[in-house]
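In: Only the shape, not the letters, is given here:
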């Protein structure tokens, strides 16, 4: 007998292992990873089939999560809120040391607007 790390994934007939166990084996072990490789059409078919099955079982249908809208960050928002506490401390300490805002922005990849917002919060 050979010891194995993972049990073999073979289909067991429904009459010997029960219907529920046989149905569980219809889906891949790592469903999320398998779905990454599915085509757009496959995903649409799967969505429709799941919706039909949920209706058949009288399960509440949850609305699909909406994809976040791709938008540019508003320039009117406070740019300092995008910075971490350590970045804010770095900006303040650098300014006290005499580093110019443009140099600081280039060196650390922080926008001038964010630097000005940090300085205005004092």
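Out: Arrived safely, thanks for sending. Just so it is clear, the model here is predicted, and its values are computed rather than measured.
In: Let me see the backbone angles for residue 102.
Out: For residue 102, the backbone dihedrals (degrees, to the nearest 10) come out as phi -60, psi -40.
In: ok, it - contacts?
Out: Taking CB atoms under 8 Å, 6 or more residues apart in numbering, we find residue 102 in contact with residue 112. All C-beta spots, glycine's among them, are computed from the backbone N, C-alpha and C.
In: and the end-to-end length of stretch 99-116?
Out: Start to finish, the residues bounding stretch 99-116 are 13 Å apart (CA to CA, to the nearest Å).
In: Can you give the domain ranges for the chain?
Out: The chain breaks down by automatic domain parsing into domains covering 14-56, 79-120.
In: same question for the last one, mean pLDDT?
Out: On average, the pLDDT along domain 79-120 is 86.
In: Out of the domains of the chain, which is closest to residue 62?
Out: Nearest of those to residue 62, taken as CB to CB: domain 14-56 at 8.9 Å.
In: could you point out which element follows the longest helix along the chain?
Out: Criterion DSSP state H: the longest helix present in the chain is helix 40-56. Per DSSP states H and E, helix 40-56 leads on to helix 85-96 as the next helix or strand towards the C-terminus.
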